[in-house]
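J.: heads up, no residue letters with this:
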Ligand SMILES: [Zn+2]
């Protein structure tokens, strides 16, 4: 079985990106796994602190590992946006393959100092765990926002990115390059799209040579995503689009069978709705379309 590091390095070599999809329940996990398994592409499942609180860090870790082992399949688990060392340690001990240690809200010097210390503590638990650090402002909350926040002042510069990667020794960098967590209503309807700062991505890649993740990619222009991957993005995070598919799929399934109470007769339609979104994104990220 390939390690997550080798999967990311292969993606880098092949000019593709690995899809990262957050899950909050077993329906979403089933859907993400089915999409990746059918397309035969590696995949990362993400669970944020809120998602872990609901799922149980150890429980989601066991479920993902069981899929990896039973199907001999490269599915990995990431502790998304972890804001405290205690929660990061819990994820490392539970067997997560990577952790996004997110202190981007702190001043950069403090972010560097605490991230560096966290890497030491976490690699002592699992030397193969990958730690992702974040700088810049990409907003919070993978949900539907009333208005898009102005994140233009929080964009990551190539110089800052290089200093941060060199000073911390993070395995992966999450910069702010026009991406944003969550979507606004017009994006859900497909009327507007997020646009990325492609030149900035290329500059950050050139300056750092690091593996780079694009967070908050739901609702982003497809052509921008293709170009961003070509410019050096190695992992693309999708959450809100899956949540929207989950909600719509559930609404539809319940409306179609108003008297049904058997979960395994209602929920397959929700799995299918989420799977379709995950599959469409995986095809794009892996240049299969
Ligand atoms: Zn994120």
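T.: Sure thing, it's come through. Treat the numbers as computed from the prediction; the structure is a model and nothing was measured. Numbers count the residues shown, from 1 in each chain.
J.: what are the ranges of the strands in this protein?
T.: Remark: strands assigned in the chain by DSSP state E are 18-22, 43-47, 75-82, 98-101, 130-134, 144-145, 172-174, 183-184, 211-214, 233-238.
J.: Looking at the ones you listed, which is nearest to residue 56?
T.: Distance to residue 56, taken as Cβ to Cβ, is lowest for strand 43-47 among these, at 9.6 Å. C-betas here are computed from N, CA, C, even on glycine.
J.: if I pick residue 155, what's in contact with it?
T.: Residues in contact with residue 155 (Cβ atoms under 8 Å, 6 or more residues apart in numbering) are 136, 137, 176, 177, 178, 197, 200.
J.: With residue 166 as the reference, measure out to it.
T.: 20 Å (Cβ to Cβ, to the nearest Å).
J.: Read off the pLDDT value for residue 211.
T.: If you check residue 211, the pLDDT there is 98.
J.: Tell me what it is bridged to.
T.: residue 172 (DSSP bridges).
J.: Count the residues that sit near it.
T.: Residues within reach of residue 211, counting by other Cβ atoms under 10 Å, total 23.
J.: I'd guessed it sits against residue 235; true?
T.: Yes: counting by Cβ atoms under 8 Å, residue 211 does reach residue 235; the two are 7.4 Å apart.
J.: Quickly list what's touching both of those two.
T.: With Cβ under 8 Å, 6+ apart, residue 211 and residue 235 have common neighbours 8, 172.
J.: next one: stretch 43-50 to chain centre, how far?
T.: 7 Å (Cα atoms, centre = their mean, to the nearest Å).
J.: how long is stretch 256-275 end to end?
T.: End-to-end span of stretch 256-275 (Cα to Cα, to the nearest Å): 19 Å.
J.: what's that stretch in contact with?
T.: 27-28, 30-32, 34-35, 242, 245-246, 248-250, 252-254.
J.: Over to stretch 9-18?
T.: By Cβ under 8 Å, 6+ apart, stretch 9-18 touches 2, 7-8, 41-44, 211, 214, 229-230, 232-236, 285-287.
J.: Kindly recompute the last result at 10 Å.
T.: Residues outside stretch 9-18 that contact it (Cβ atoms under 10 Å, 6 or more residues apart in numbering) are 2-4, 7-8, 36, 41-44, 74, 76, 205, 209, 211-214, 217, 225-226, 228-230, 232-236, 281-282, 284-288.
J.: Dihedrals phi and psi, the residue located most distally from the centre of the chain?
T.: Going by Cα atoms, centre = their mean, the residue of the chain most distant from its centre is residue 259, 36.5 Å out. Dihedral pair for residue 259: phi -100, psi -10, per degrees, to the nearest 10.
J.: show me what contacts residue 196?
T.: 177-179, 214, 217, 220-221, 223-225, 227-228, 231, 233.
J.: For ChimeraX, what selects the buried ones among those?
T.: Buried residues within the contacts of residue 196, by 16 or more other Cβ atoms under 10 Å, are selected in ChimeraX with:
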select :177,178,179,214,217,220,224,225,228,231,233
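J.: And the contacts of residue 196, which is closest to residue 55?
T.: Using Cβ to Cβ, the contacts of residue 196 come closest to residue 55 at residue 217, 22.1 Å.
J.: wouldn't that closest one be in contact with residue 233 here?
T.: Yes: the criterion here is Cβ atoms under 10 Å, and residue 217 meets it with residue 233 at 8.8 Å.
J.: Helices of the protein, start to end?
T.: For the chain, the helices defined by DSSP state H cover 4-14, 26-39, 49-55, 57-70, 85-94, 108-125, 158-168, 185-188, 198-208, 222-230, 240-256, 263-266, 268-285.
J.: Apart from its neighbours in sequence, what residue is nearest residue 176?
T.: residue 136 (2.8 Å; Cβ to Cβ, 6 or more residues apart in numbering).
J.: The one you found: what's it in contact with?
T.: Per Cβ under 10 Å, 6+ apart, neighbours of residue 136: 104, 108, 151, 153-157, 160-161, 164, 173-177, 179.
J.: try 6 Å this time
T.: 154, 155, 156, 175, 176 (Cβ atoms under 6 Å, 6 or more residues apart in numbering).
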